[in-house]
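Novice: Structure for the following, please:
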Amino acid sequence: MTFTRRPIALAGAAALLGATLLGGTPAQAQSGDQAQVARAVEALTKAMIAVDRPQLEALASDQLSYGHSAGRIETKKQFIDNLQSRASAFRTIDLSDQTVSVTENEAIVRHLFTGETVDPAGKVTPVRIGVLQVWRKEADHWRLLARQAYRI
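Specialist: Next comes the predicted model:
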């Protein structure tokens, strides 16, 4: 999945076409919970690019532990405040090789995260990391409980 600040109207049509060509629909490709978690991951990615604080607040658990590939660990407030400061804003995020495994009210998501950040001076920096996320179902909503990135 590639997300940018530009409209991504063709993404849904391409996903539907791809699933249709494979003989199914997107909903059939994953279980109900897996599909819900995948949608939550997508919503989080879009909220990170847009720096949509209300959406970030809704998708992150109050107990969030957000680990960066350089070793820095943030709480929910620190994670959101850091994005909102735009000290290093995401221009693009592309998630690939994603797997979603659900057991009861917990889900483990792994993916390759590539993209670009831009600092206030306009310097663009490429990003390519592996990510492990742990999601927990809280009051019928999937929320990010933990995230750890690692260098590859």
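
Novice: helix or strand for Tyr66, which one?
Specialist: strand 60-67 (DSSP states H and E).

Novice: Okay, buried residues for that strand please.
Specialist: Ala60, Ser61, Leu64, Ser65, Tyr66, Gly67 (16 or more other Cβ atoms under 10 Å). Heads up, the C-betas are built off the backbone N, CA and C, glycines and all.

Novice: cool, and stretch 51-58?
Specialist: Buried, per 16+ other Cβ under 10 Å, within stretch 51-58: Asp52, Leu56.

Novice: Just the buried residues of the longest helix belonging to the chain, please?
Specialist: Ranked by number of residues, the top helix in the chain under DSSP state H is helix 32-50. Residues of helix 32-50 classed as buried by neighbour count (16+ other Cβ under 10 Å): 33-38, 40-41, 43-49.

Novice: and what of stretch 76-85?
Specialist: For stretch 76-85, by 16+ other Cβ under 10 Å, it's Lys76, Phe79, Ile80, Leu83.

Novice: Go through these and flag which are in helices.
Specialist: Those of the buried residues of stretch 76-85 lying in helices (DSSP H): Lys76, Phe79, Ile80, Leu83.

Novice: Let me see the contact set for the second one.
Specialist: To tie it back to what came earlier, the one meant is Phe79. Leu56, Ala60, Leu64, Tyr66 (Cβ atoms under 8 Å, 6 or more residues apart in numbering).

Novice: Equivalent analysis for the last one, please.
Specialist: Leu83 makes contact with Met48, Val51, Leu56, Ala89, according to Cβ under 8 Å, 6+ apart.
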